[in-house]
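**Q** how does the following fold in three dimensions:
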Amino acid sequence: MKVSELSRLAGTAPSAVRWYEAVGVLPPAGRQANGYREYGEGDLARLRLVVALRRLGLAPVDAGRLAGLCLERGSIDRDLAPVLAEQRAAIARQREDLDRLEGELLDLEMTVAAAGRAARKELAVTPIRVLFVCTHNSARSQIAEALLRRYGGADFEVHSAGTEATRVNPYAIRVLAEQGIDWSQARSKVITEFLDQEFDYVITVCDRARETCPVFPGSTNTLHWGLDDPSEVEGTEEERLAAFRRTELEVSTRLRPFIEVALRAAGRPRGSAAVT
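**A** As a prediction, this is how the structure comes out:
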């Protein structure tokens, strides 16, 4: 099978498959006579295991190692047992955080509902417009934009910007690639590009941006998610990458209840937005 079929059956993106091969998580693919990659059922089984383990929170290297052991030797390396135990504990903590965030967002829902739905009735079939803002639009806001586009689909129109523009952090691109999102063409944008636009939600993801973010006329809700800046973490490459993975996980945790609350506040079910 080709890489497009393999990625579809495994529930990930072709770019993620190529990235897993490039970093050694997956073995190099076989090649046809014409040079195209060729995959078999064994490759599909391994990739499905890797994807499932990544969703549990394992790092790519650990996921690839464990998948290989399960398929090749039929046993799990004892060294990975503590890793799995740690992931179970992390999932339990995430559930607790999710419950707390749900409570906070239910309070938000009441505020949103009180803001007045009459002005939004004629917009009921248009996407909910969201702008994420941080200082440099290089990491946190870029990750948030990419993930809401993935999770929110056609129901949301998502943008991100910074009070100052620099470049998209390569580590942000890497952690998004691990989730099957190709963000290599993204650019860092200045908030002034959006000042003449209206948004349903303007969400600042760092304290400095919250202090300097301008007012967007016509925007209904301004929210603040105080996320630690992963680009400030120093250390080895793996330690820095781990910081970006934590940011991706925290943003994912916040987005899932936010999507449901935003849709309910807009008075429509998921999938009702017009696709243009």
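**Q** and D62, what element?
**A** Secondary-structure assignment from DSSP states H and E places D62 in helix 60-72.
**Q** for that helix, name the packing helices and strands.
**A** When contacts are defined as 3 or more C-beta pairs under 8 Å, 6 or more residues apart in numbering; DSSP states H and E, helix 60-72 packs onto helix 41-55. Glycine gets a C-beta too; all of them are placed from N, C-alpha and C.
**Q** now the helix it packs on: buried residues?
**A** D43, L44, R46, L47, R48, L49, V50, V51, L53, R54 (16 or more other C-beta atoms under 10 Å).
**Q** same question for stretch 228-241.
**A** Residues D229, P230, S231, V233, R240, L241 are the ones in stretch 228-241 that count as buried (16+ other C-beta under 10 Å).
**Q** residues in contact with the nearest residue to the second one once chain neighbours are set aside?
**A** For P230, the nearest residue in space outside its immediate sequence neighbours is A243; the separation is 3.9 Å by C-beta to C-beta, 6 or more residues apart in numbering. When contacts are counted by C-beta atoms under 8 Å, 6 or more residues apart in numbering, A243 touches Y171, D228, P230, V233.
**Q** contacting residues for the last one?
**A** Contacts of V233 were listed using C-beta under 8 Å, 6+ apart, and they are E239, R240, A243.
**Q** residues touching the first one, list them.
**A** Okay, so that is E239. With contacts defined as C-beta under 8 Å, 6+ apart, E239 is in contact with V233.
**Q** what helix or strand is it on?
**A** For E239, the element it lies in under DSSP H and E is helix 237-265.
**Q** pLDDT (mean, whole number) over that helix?
**A** Confidence over helix 237-265 (mean pLDDT, whole number) is 93.
**Q** what residues does stretch 143-156 touch?
**A** In this structure, residues lying in contact with stretch 143-156 by C-beta under 8 Å, 6+ apart are 127-130, 132, 158-160, 172, 175-176, 179, 181, 183, 186, 203, 205, 225, 244, 247-248, 251-252, 255-256, 259, 262-263, 270-275.
**Q** and stretch 92-99, by the same measure?
**A** The contact list for stretch 92-99, computed with C-beta under 8 Å, 6+ apart, reads L249, T253, R256, P257.
**Q** now Y36: closest residue in space, sequence neighbours ignored.
**A** The spatially closest residue to Y36, leaving aside those adjacent along the chain, is K2, at 6.9 Å (C-beta to C-beta, 6+ apart).
**Q** what is the neighbour count of that neighbour?
**A** Summarising burial for K2: neighbours were counted as other C-beta atoms under 10 Å, giving 14.
**Q** ramachandran angles for A161?
**A** The phi/psi pair for A161 (degrees, to the nearest 10) reads phi -160, psi 170.
**Q** worst mean pLDDT across the helices and strands of this protein, which element?
**A** Across the helices and strands of the chain, the lowest-confidence element by mean pLDDT, DSSP states H and E is helix 207-212, at a mean of 61.
**Q** on the C-terminal side of it, identify the next helix or strand.
**A** Elements were assigned by DSSP H and E; along the chain past helix 207-212, the next helix or strand is strand 221-224.
**Q** flag every buried residue along that next one.
**A** N221, T222, L223.
**Q** am I right that the first one is in contact with Y201?
**A** Yes - under the contact definition of C-beta atoms under 8 Å, N221 touches Y201, with a separation of 5.0 Å.
**Q** before we move on, the earlier item: now tabulate the contacts of A243 in CSV and tack on secondary structure and pLDDT.
**A** CSV is the format used below for the contacts of A243 (DSSP: H, G, I helix; E, B strand; the rest coil; pLDDT from 0 to 100):
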residue, secondary structure, pLDDT
Y171, helix, 96
D228, coil, 88
P230, helix, 92
V233, coil, 91
